[in-house]
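# I need the structure of the sequence given here:
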Amino acid sequence: MDKLTIDVVGITTTDKEIIKNTTLKQLELNGGHSANICYTQKDYEEIIKEPEEKTLQRAEDNKGNKHHSVFGHDTVQLYIKGIPKLLVMMLNNEKEYNTSEKSGRYTIMYGADEENELYNEWKEIFERVIKETYPNEEYLTDDMISKKAKENARYLLSVFMKTKLKYSTSFRQLNYIYDFTEKMINEPTTNPLKIALRPYLEEFRDVLYSTGFITKGIKDYRNRHFSLIEDDNTFDDHFSRSYSVNYDASIPALADLLRHRTLDYSFSLKEKMEYFVPPIIRDKPDLVDKWLNDISSLSDFPQGMIVNVNETGKYEDFILKMYERMCTAPQLEVMQITKETLAKYIKAVSESPSENDRKIYEQLLRYNNGARCTFPGFVCPKPCKFKEGVELRRKI
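Numbers count the residues shown, from 1 in each chain. This next block holds a predicted model:
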């Protein structure tokens, strides 16, 4: 029996010279070598010495027989600028990725000129209202108030607002994304959001091809496509070991939610346009009127529009989500959605005749006492001491 060993046979690099000299052929060779592990008694050191033409032919054979996992070992890191926010969300919903994206909380966001004007105006309004609402709250420092104000002002910006990010995925997935993009461009549709998105998809497809890492043959053959936008994704709520729940959410809230990769998300447009109103201004009719007037005067698809969201997963993964989202730090809207889903979940399994659902009910009750700092086993690294935040009844 062989002794357990681990050899590092490849690693991602940020060296510009290595990147410049990395070719599509090299990635296909690595796929061919990886495939050979499945078919030979030889060890890796012997496999990589075989003639290139034999390895490349095996890579082509694997493309043809749809054994694409062998092309998933190489990771490509992309720095993408000028990409619409909605398209970033579509990429992030495909799960096989890592991303570092410009933050709407820590940085100023920019849209069209008229959007920027209202964004800046509302950022100042939110800062003022937060200070008036919480004049003595230690947690809400000037820096935190600025972050919360920017977080709310971005609702005014278009879903096609340009942003930037570092995005890493496998060689295989990069080619699948190219395939998904082409499918969506060519899809017959009357969906107004998909139609508005098409020019951005065409530009993205062309720029993606220019990386030099798109190859014939590595395409999804299971009729998959970008999974975020559906024409109709309203399903019956269901809560047991697995669950499916529907709710209204804005685009920034959904963007935050879908980053929890163990859960599945999709959304569809509502029949009539509705807008999210930040809770911090809801008891101020004059500001509510101004907000609705301003947000409806800008883009056809502002980030503050309300969409139909479906969330599906396992109850264990919902608990993991609560550990991330039931807190003072995350977006208020996301925290509220998670809290409301927990209430629905508890009610449904409490009324179920199933013994297994009863066990889930008892588990979920442990997370029904407030923010995650009240959860079993959780120790907050930086307690906020914000009472309304801990009790999940904050307005900001």
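# hmm, residue 189 is touching residue 196, no?
No - with contact defined as Cβ atoms under 8 Å, residue 189 does not reach residue 196; the gap is 10.8 Å. Quick note: C-beta positions are derived from backbone N, CA and C, even for glycine.
# quick one: which of the two has more around it?
In terms of neighbours (other Cβ atoms under 10 Å), residue 196 is the more surrounded of residue 189 and residue 196; the figures are 17 against 14.
# host element of the more buried one?
Assessed by DSSP states H and E, residue 196 sits inside helix 192-209.
# which residue ranges of the stretch 201-350 of the chain form strands?
In the stretch 201-350 of the chain, the segments counted as strands under DSSP state E, counting those that start in this stretch are 238-239, 242-249, 264-269, 307-314.
# pipe the ones you listed into JSON lines and attach distance to residue 132, mean neighbour count and mean pLDDT per row.
Output for those, formatted as JSON lines (distance: least, Cβ to Cβ, whole Å; neighbours: other Cβ atoms under 10 Å; pLDDT from 0 to 100):
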{"stretch": "strand 238-239", "distance to residue 132": "40", "mean neighbour count": "18", "mean pLDDT": "98"}
{"stretch": "strand 242-249", "distance to residue 132": "27", "mean neighbour count": "18", "mean pLDDT": "98"}
{"stretch": "strand 264-269", "distance to residue 132": "34", "mean neighbour count": "20", "mean pLDDT": "97"}
{"stretch": "strand 307-314", "distance to residue 132": "31", "mean neighbour count": "19", "mean pLDDT": "97"}
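# closest to residue 137 out of these?
Among these, the nearest to residue 137 by Cβ to Cβ is strand 242-249 (26.5 Å).
# what helices or strands is the longest helix along the chain leaning on?
Using DSSP state H to define each element, the chain has its longest helix at helix 113-133. The helices and strands touching helix 113-133, judged by 3 or more Cβ pairs under 8 Å, 6 or more residues apart in numbering; DSSP states H and E, are helix 142-153, helix 285-296.
# what angle do the last one and helix 113-133 make?
Counting by axes from the mean of the first three to the mean of the last three Cα atoms, to 10 degrees, helix 285-296 lies at 160 degrees to helix 113-133.
# which other helices and strands contact helix 285-296?
Here helix 285-296 touches helix 113-133, going by 3+ Cβ pairs under 8 Å, 6+ apart.
# pull out the buried positions in the helix it packs on.
For helix 113-133, a neighbour-count test (16 or more other Cβ atoms under 10 Å) marks 115, 118, 119, 122, 123, 125, 126, 127, 129, 130, 133 as buried.
# likewise for stretch 181-190?
Of the residues in stretch 181-190, those buried (16+ other Cβ under 10 Å) are 181, 182, 183, 184.
# if we can go back for a sec, how far off strand 264-269 does the helix holding residue 196 point, in degrees?
If you take the same axes, to 10 degrees, helix 192-209 sits at 130 degrees to strand 264-269.
# in helix 192-209, what's buried?
Neighbour-count burial for helix 192-209 flags 193, 194, 196, 197, 200, 201, 204, 205, 208 (criterion: 16+ other Cβ under 10 Å).
# and the last one, how far is that from residue 114?
Between residue 208 and residue 114 the distance, using Cβ to Cβ, to the nearest Å, works out to 31 Å.
# again with the first one
Here residue 193 is placed at a distance of 21 Å from residue 114 (Cβ to Cβ).
# so which of the buried residues of stretch 181-190 belong to helices?
Using DSSP H, these in helices are 181, 182, 183, 184.
# how much space separates the first one from residue 102?
As for residue 181, its distance to residue 102 is 22 Å (criterion: Cβ to Cβ).
# now swap in residue 195 and tell me
27 Å.
# run a quick neighbour tally on residue 292.
14.
# so it touches residue 277, yeah?
Yes - taking Cβ under 8 Å as the definition, residue 292 is a contact partner of residue 277 at 7.2 Å.
# partners of the closest residue to residue 238 other than its chain neighbours in the sheet?
Ranked by Cβ to Cβ, 6 or more residues apart in numbering and with sequence neighbours excluded, the top spatial neighbour of residue 238 is residue 244, at 4.8 Å. Judged by DSSP bridges, the bridge partners of residue 244 are residue 238, residue 312.
# the chain should start at 259 in everything you say after this.
All set: I'll call the first residue 259, so the last point we hit is now residue 502.
# check which helix or strand covers residue 427.
strand 420-428.
# and the angle for the longest helix of the chain with helix 400-411?
130 degrees.
# who touches stretch 462-481?
Residues from elsewhere that reach stretch 462-481, judged by Cβ atoms under 8 Å, 6 or more residues apart in numbering: 281-282, 285-286, 318, 321-322, 324, 326, 329, 334, 336, 341, 345, 429-430, 432-440, 443.
# what about the helices in the stretch 259-408 of the chain?
Assigned by DSSP state H, counting those that start in this stretch, the stretch 259-408 of the chain shows helices spanning 274-278, 282-297, 302-305, 310-322, 343-350, 371-391, 400-411.
# can you dump the C-alpha coordinates of the last one into PDB?
Output of helix 400-411 as PDB, limited to C-alpha atoms (Å, rounded to 0.1, in the frame of the first residue of the first chain):
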ATOM      1  CA  ASP A 400     -19.800  59.100  12.100                       C
ATOM      2  CA  ASP A 401     -18.000  56.500  10.000                       C
ATOM      3  CA  MET A 402     -20.700  53.900  10.500                       C
ATOM      4  CA  ILE A 403     -23.400  56.500   9.700                       C
ATOM      5  CA  SER A 404     -21.600  57.300   6.500                       C
ATOM      6  CA  LYS A 405     -21.500  53.600   5.500                       C
ATOM      7  CA  LYS A 406     -25.200  53.100   6.300                       C
ATOM      8  CA  ALA A 407     -26.100  56.300   4.300                       C
ATOM      9  CA  LYS A 408     -24.200  55.100   1.200                       C
ATOM     10  CA  GLU A 409     -25.800  51.600   1.600                       C
ATOM     11  CA  ASN A 410     -29.300  53.200   1.400                       C
ATOM     12  CA  ALA A 411     -28.500  55.800  -1.200                       C
END
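# what residues sit buried inside that helix?
Neighbour-count burial for helix 400-411, counted by 16+ other Cβ under 10 Å, picks out 402, 403, 404, 405, 406, 407, 408, 409, 410, 411.
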